[in-house]
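Visitor: Provided below are the primary sequence and the corresponding predicted coordinates.
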Amino acid sequence: MRYVIAFFLPWLSLFLQGKILSGIICLILQITIIGWLPAFIWAVAALNRMYADRRTNRIIREMRRA
């Protein structure tokens, strides 16, 4: 679902991740038609980074427990 939001409203995707300043910059970028594609790529990259951080934290937590 987050990828659908990132596709249509990249700035909202960044807001939902807690990146307010990035979301505002992304919104300004998305206002132009040419800037929509970089805004979308930025939002997807941020989502992938968030999921990778979650996986890494889960692995670290399990390694400490073992």
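Guide: It's in.

Visitor: Every contact and neighbour count from this point should use C-alpha atoms.
Guide: OK.

Visitor: Run a quick neighbour tally on P38.
Guide: Using other C-alpha atoms under 10 Å, P38 has 14 neighbouring residues.

Visitor: contacting residues around it?
Guide: Residues near P38 by C-alpha atoms under 8 Å, 6 or more residues apart in numbering: L29.

Visitor: how about 10 Å then?
Guide: By C-alpha atoms under 10 Å, 6 or more residues apart in numbering, the contact set of P38 is 10, 26, 29-30, 44.

Visitor: and the helix or strand that contains it, how far from the chain's centre?
Guide: Assigned by DSSP states H and E, P38 falls within helix 33-65. Computed by C-alpha atoms, centre = their mean, to the nearest Å, the chain-centroid distance of helix 33-65 equals 6 Å.

Visitor: What's the mean pLDDT across it?
Guide: Per-residue pLDDT values across helix 33-65 average out to 92.

Visitor: Which positions in it come out as buried?
Guide: 36, 39-40, 42-44, 46-47 (16 or more other C-alpha atoms under 10 Å).

Visitor: Dump the contacts of P38 into JSON lines; add distance to G18 as well.
Guide: Output for the contacts of P38, formatted as JSON lines (distance: C-alpha to C-alpha, whole Å):
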{"residue": "P10", "distance to G18": "13"}
{"residue": "C26", "distance to G18": "13"}
{"residue": "L29", "distance to G18": "18"}
{"residue": "Q30", "distance to G18": "18"}
{"residue": "V44", "distance to G18": "15"}
